[in-house]
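Student: Predicted structure and sequence below. I'll ask about it afterward.
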Amino acid sequence: AQKITQTQPGMFVQEKEAVTLDCTYDTSDQSYGLFWYKQPSSGEMIFLIYQGSYDEQNATEGRYSLNFQKARKSANLVISASQLGDSAMYFCAMRHIQGAQKLVFGQGTRLTINP
Amino acid sequence: EAGVTQSPTHLIKTRGQQATLRCSPISGHTSVYWYQQALGLGLQFLLWYDEGEERNRGNFPPRFSGRQFPNYSSELNVNALELEDSALYLCASSNGQRTNYGYTFGSGTRLTVV
């Protein structure tokens, strides 16, 4: 069974600082994908970044990077130079490449950027 | 390109009634997923439809049901509403071939049961 764990219910960061949001996962499959989504107060889920289980390099998308440590089963999101607009809920998710293919989400981390 | 659209945006129902939520996927996407997000909680998987068929179902009672139409739009029905069904219901679509793209979500339907 898949399971995603996000241990930080809330994070408070000063504007322009970097922030790391933690995510660990559990799966017995070898082929899977890891995702991070941002959910502003409006409710829509915004896709941020993807990491495949066979990707050797950490994924990057602009200010977002994913610190992927396969042996430790962790997929932390790093946001560099945080902005006030980064304040939102952040969800880590996993999807098996074969089989059910549903996205399984963690409980989320509420990030607040202070000016 | 239009995104995933959900209707209605808000829905208020009385306990025991039925609710119908609708979702139109991105053009070309054949898979539709439904998730429930209770207040302050993560997303719980409800249903997955692909090519008109139900492919997978989460741990929800049978009064949660749905269908996918030939144009790939989808409907979620919740019968015999209970107070704890109050939540944000999110629909997402994907092209099943692009497993690295994740899903594209709609803005959700906020269901309130009173």
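Tutor: Ah, there it is.
Student: pLDDT score for residue B:102?
Tutor: Looking at residue B:102, its pLDDT stands at 70.
Student: That one reaches residue B:33, doesn't it?
Tutor: No - taking C-beta atoms under 8 Å as the definition, residue B:102 is not a contact partner of residue B:33, at 10.7 Å. All C-beta spots, glycine's among them, are computed from the backbone N, C-alpha and C.
Student: OK, contacts around residue B:69?
Tutor: The contact partners of residue B:69, by C-beta atoms under 8 Å, 6 or more residues apart in numbering or on different chains, come to B:52, B:75.
Student: What's the separation between it and residue B:63?
Tutor: 21 Å (C-beta to C-beta, to the nearest Å).
Student: which one is the residue in chain A that chain B sits nearest to nearest to, not counting chain neighbours?
Tutor: As assessed by C-beta to the nearest C-beta, chain B sits closest to residue A:45 within chain A, at 3.8 Å. With C-beta to C-beta, 6 or more residues apart in numbering or on different chains as the criterion, residue A:45 has its nearest non-adjacent residue at 3.8 Å, and that residue is residue B:105.
Student: Would you pull up how far the host helix or strand of residue B:33 lies from the middle of the chain?
Tutor: Residue B:33 belongs to strand B:31-37 when assigned by DSSP states H and E. Taking C-alpha atoms, centre = their mean, to the nearest Å, one finds the center of strand B:31-37 at 4 Å from the center of the full chain.
Student: following that strand, which helix or strand comes up?
Tutor: strand B:44-50.
Student: Dump that next one to PDB, keeping only the CA atoms.
Tutor: Provided in PDB are the C-alpha atoms of strand B:44-50 (Å, rounded to 0.1, in the frame of the first residue of the first chain):
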ATOM      1  CA  GLN B  44      -9.100  11.300   0.000                       C
ATOM      2  CA  PHE B  45      -9.400   9.400  -3.200                       C
ATOM      3  CA  LEU B  46     -13.000   8.700  -4.100                       C
ATOM      4  CA  LEU B  47     -13.300   7.400  -7.700                       C
ATOM      5  CA  TRP B  48     -11.400   7.000 -11.000                       C
ATOM      6  CA  TYR B  49     -13.100   6.800 -14.300                       C
ATOM      7  CA  ASP B  50     -11.400   6.100 -17.600                       C
END
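Student: which residues touch it?
Tutor: A:100-104, B:30-38, B:54-60, B:64-68, B:74, B:76, B:89, B:96.
Student: which residues pair with the residue nearest the centre of chain B across the strands?
Tutor: Residue closest to the average C-alpha location in chain B (C-alpha atoms, centre = their mean): residue B:34, at 3.1 Å. Taking DSSP bridges as the rule, residue B:34 bridges to residue B:47, residue B:91.
Student: Test my guess that it contacts residue B:75.
Tutor: No - the pair residue B:34 / residue B:75 is not scored as a contact, 9.7 Å apart, by C-beta under 8 Å.
Student: what about the closest residue to chain A within chain B, how many neighbours?
Tutor: For chain B, the residue closest to chain A is residue B:105, as judged by C-beta to the nearest C-beta, at 3.8 Å. Using other C-beta atoms under 10 Å in any protein chain shown, residue B:105 has 24 other residues around it.
Student: ok, now residue B:39?
Tutor: Counted with other C-beta under 10 Å, the neighbours of residue B:39 add up to 8.
Student: same thing with residue B:16?
Tutor: For residue B:16, the number of neighbouring residues by other C-beta under 10 Å comes to 10.
Student: swap in the one 4 residues further on?
Tutor: Other residues lying near residue B:20 total 15 when counted by other C-beta under 10 Å.
Student: can you pull the contacts of it?
Tutor: Residue B:20 neighbours (C-beta under 8 Å, 6+ apart): B:75-77.
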